[in-house]
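[1] One predicted model, sequence on top.
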Amino acid sequence: MYLYNSATHKKEEFKTHTPGRVEMYTCGPTVYHFAHIGNLRSYVMEDVLEKYLRYAGYDVNRVMNITDVGHLSSDADTGEDKMLKGAKREHKTVLEIAQFYTDAFFEDCRRLNIKRPDVVQPATGCIDEYIRIISKLVDTGYAYLAGGNVYFDSSKLARYYIFNDHDEEDLAVGVREGVEEDENKRNRNDFVLWFTKSKFEDQALKWDSPWGVGYPGWHIECSGISMKYNGEFLDLHCGGVDNAFPHHTNEIAQSESYLGHPWCTHWFHVHHLNTNDGKMSKSKGEFLTVSLLEEKGYDPLAYRYFCLQSHYRKGLVFTWENLDNAQGAYQKLVGRIAALVPGGEVDHEIFVDYKARFLQQMGNDLNTSMGVTAIFDVLKAKTNDATKLALIGDFDTVLSLSLLDKAAAKRAEIAQAQTTSAGGYVITGQGDPEIDALVLQRYEAKKAKNFAEADRIRDELKALGIEIVDVKGGVNWKRV
Ligand code: AMP
Ligand code: ZN
């Protein structure tokens, strides 16, 4: 697979530390509120990436944290703990908030066909891990104590890594408008590893540590959790593009200083879902959720389809009109698949040929819109329905649009909905008035005891590829 690596700023052949195995890490949600559909864009694309890697034959170990402590309202280590903010807003405890929004997140994921990672670890469950890492960083001179907190000393690094989408302006954390400077920091890019002096004394979750009772900074959780479950060599690290700086930059700084060797080779950043007013964000308070889309009558998978239609390295603008278009296109696609008739033998040669093309198209920097196009190519292919359905089912193990299930449901729905009746005689078919008329003629011939005519019509229907089954009070027909 060729994948853009934001650490090297180019599209590269994806390689892993252990051949055939991918150690993959994803920054999970901060569970102080519902995930918005922007957050979920990142998780949809990461889900497709994971599924594609498995499809391509890799054994994937995917780890995700749940941020339930330490993420302050500013990424520059100032402001209030977001969890505390959520708890106050809802008059609940931090743990109640964390549990509620973690469950809500996975429910959203379920509705969007996002697979649960192999390991899901709340940040509060690995405190010993962070203390171990921070202790070593203090011992080796990479971290210092100031004003009761432990800081990472960015001046000790040969290179403080900056991803390509950021410039010096972004790095001026301390001087950005509205962001308070932390006077304890020796250098502008230093960051907190462990807080004991929170600006807010009522911090709910605290643990004992060699530096006093306190809680971890936000960045250390991802290094700690990844090292615990992925090991010392990470192949692939994912997140939304806003995580690149300072979060991922700081993860690299602390992990490599701790390990003494390069840590993660490949960085995958999903660009933002924006509205016409700019980036969708939880802290703005007003945002769109999957539940809201459902309340408005949208299928969550139409949103997934919307995400897949565009490339993960391009910003995506959300408008209701765009979603309507995606929903229309998705339903049309399901309709076309529903018109295929299941059963019969798969043409192996064609199957292998189209599968190879899909693998190659998606393997070009996760080109999901080409992946969706591949389904239309299958529908147009000169082959039988069995082969088409097999290919669509195969591609959908990566795209996860529930295409075969939806198509089967649609077929059943059509069969049910297309029931007509004439004089108490019920015809259940697939919505073709001409066939219905022939079926009725046969019934009338039988009623008039004109069996020769009834048989002739049955043969005529058979020649049209229609199978009829007489049932009590009527007939069922289908195309075979
Ligand atoms: P959070 O819950 O704020 O920690 O964010 C969860 C994930 O969503 C992170 O990977 C973020 O980078 C990502 N994210 C945040 N806002 C957006 C957005 N508007 N579009 C796409 N991804 C986003
Ligand atoms: Zn992270």
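    Cool, got the structure. Numbering: from 1, shown residues only. Ligands and ions are numbered 1, 2, ... in the order given.
[2] Low-confidence ranges, the stretch 151-300 of the chain, go.
    162, 164-180, 198-202, 282-286 (pLDDT under 70).
[3] now with 80?
    Within the stretch 151-300 of the chain, the set of residues satisfying pLDDT under 80 comprises 161-181, 197-204, 277-286.
[4] Which residue comes closest to the closest residue to ligand 1 within it once chain neighbours are left out?
    When you check the stretch 151-300 of the chain against ligand 1 by Cβ to the nearest ligand atom, the closest residue turns out to be G240, at 2.1 Å. Yep, even glycine has a C-beta here, placed from its N, CA and C like the rest. Spatial nearest neighbour of G240, excluding adjacent residues (Cβ to Cβ, 6 or more residues apart in numbering): S42 at 4.3 Å.
[5] Now name the helix or strand holding the one you found.
    Assigned by DSSP states H and E, S42 belongs to helix 37-55.
[6] what residues does this protein put near ligand 1?
    Applying Cβ under 6 Å from any ligand atom, we find that the chain lies next to ligand 1 at 27, 29-30, 38-39, 41-42, 67, 239-240, 242-243, 270, 272-273, 279-282.
[7] Of these, keep whichever come out buried.
    Of the members of those, the ones counted as buried by neighbours, 16 or more other Cβ atoms under 10 Å, are 27, 29-30, 38-39, 41-42, 67, 239-240, 242-243, 270, 272-273, 280, 282.
[8] Do I have it right that Y330 meets L401?
    Yes - judged on Cβ atoms under 8 Å, Y330 makes contact with L401 at a distance of 7.2 Å.
[9] okay, now K206: neighbour count?
    Using other Cβ atoms under 10 Å, the number of residues around K206 comes to 14.
[10] Contacts only, for the closest residue to L49 other than its chain neighbours.
    When the adjacent residues along the chain are set aside, L49 lies closest to L366, with 5.7 Å between them (Cβ to Cβ, 6+ apart). In this structure, L366 makes contact with M1, L3, M45, V48, L49, Y52, H311, Y312, judged by Cβ atoms under 8 Å, 6 or more residues apart in numbering.
[11] in a strand, that's where the second one is, yeah?
    Put plainly, it is L3. Yes - membership of L3 in a strand is supported by DSSP: H, G, I helix; E, B strand; the rest coil.
[12] Name the SS class of the residue in the stretch 351-480 of the chain positioned nearest to ligand 2, please.
    Closest residue of the stretch 351-480 of the chain to ligand 2, Cβ to the ion: L366 (20.2 Å). When the structure is split into helix, strand and coil by three-state DSSP, L366 lands in coil.
[13] can you tell me how far it sits from V48?
    Computed with Cβ to Cβ, to the nearest Å, the distance linking L366 and V48 is 7 Å.
[14] same deal with K472?
    The gap separating K472 from V48 is 48 Å, by Cβ to Cβ.
[15] and what of H17?
    The span separating H17 from V48 equals 23 Å under the rule Cβ to Cβ.
[16] more neighbours, these two?
    Shown here are H17 and V48; by other Cβ under 10 Å, V48 has more neighbours (24 against 15).
[17] Quick check, that one in contact with L308.
    Yes - using Cβ under 8 Å, V48 and L308 qualify as a contacting pair, with a distance of 7.0 Å.
[18] Now do the shared contacts for those two.
    Shared contacts of V48 and L308, counting by Cβ under 8 Å, 6+ apart, come down to T368, G371, L399.
[19] Let's have those in TSV, adding neighbour count.
    Output for the shared contacts of V48 and L308, formatted as TSV (neighbours: other Cβ atoms under 10 Å):
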residue	neighbour count
T368	24
G371	23
L399	24
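[20] can you redo those as JSON lines with pLDDT?
    What follows is those, written out as JSON lines (pLDDT from 0 to 100):
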{"residue": "T368", "pLDDT": "98"}
{"residue": "G371", "pLDDT": "98"}
{"residue": "L399", "pLDDT": "98"}
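[21] In contact with the nearest residue to S155 once chain neighbours are set aside: list those residues for me.
    Nearest residue to S155 in three dimensions, chain neighbours excluded: N187, at 4.9 Å (Cβ to Cβ, 6+ apart). Applying Cβ under 8 Å, 6+ apart, one finds that N187 lies in contact with D153, S154, S155.
[22] Would you mind writing the PyMOL command to select the buried ones in the residues you listed?
    In PyMOL, this line selects whichever of the contacts of N187 come out buried by 16+ other Cβ under 10 Å:
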select buried, resi 153+154
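[23] Find me whatever residue is spatially closest to T289, sequence neighbours aside.
    Of all residues not flanking T289 in the chain, F34 sits nearest, at 4.8 Å (Cβ to Cβ, 6+ apart).
[24] didn't the one you found look like it was pressed against F100?
    No - with contacts defined as Cβ under 8 Å, F34 does not count as touching F100, sitting 9.6 Å away.
[25] who's more crowded, the two?
    Under the neighbour definition other Cβ under 10 Å, F34 and F100 were set side by side, and F34 has more, 22 against 16.
[26] State the helix or strand in which the more buried one lies.
    Counting by DSSP H and E, no helix or strand carries F34.
[27] so what's it up against?
    For F34, the contact set (Cβ under 8 Å, 6+ apart) comprises Y101, A104, F105, D108, K282, F287, T289, S291.
[28] swap in F287?
    The neighbourhood of F287, defined by Cβ under 8 Å, 6+ apart, consists of F34, H36, I37, G38, M280, S281.
[29] three-state assignment of it?
    Three-state secondary structure (criterion: three-state DSSP) places F287 in coil.
[30] Please tell me how far it sits from ligand 2.
    20 Å (Cβ to the ion, to the nearest Å).
[31] The closest residue to A390 other than its chain neighbours in helix, strand or coil?
    On the basis of Cβ to Cβ, 6+ apart, the spatially nearest residue to A390 that is not a chain neighbour turns out to be V346, at 4.6 Å. With three-state DSSP as the basis, V346 sits in coil.
[32] Does V346 touch K388 like I think?
    No - counting by Cβ under 8 Å, V346 does not reach K388; the two are 9.3 Å apart.
[33] how about stretch 374-386: buried residues?
    Going by 16+ other Cβ under 10 Å, stretch 374-386 has these buried residues: A374, I375, V378, T383, N384, A386.
[34] which among the residues you listed gets closest to H9?
    A374 (28.4 Å; Cβ to Cβ).
[35] and that closest one, what pLDDT?
    Confidence per residue is given as pLDDT, and for A374 that number is 98.
[36] before we move on, what about K472?
    Note for K472: predicted pLDDT of 84.
[37] Taking the stretch 51-200 of the chain, what residue is nearest to ligand 1?
    Checking the stretch 51-200 of the chain residue by residue against ligand 1 with Cβ to the nearest ligand atom singles out T67 as nearest, at 5.8 Å.
[38] If anything else comes up later, I'll come back, but that's it for now.
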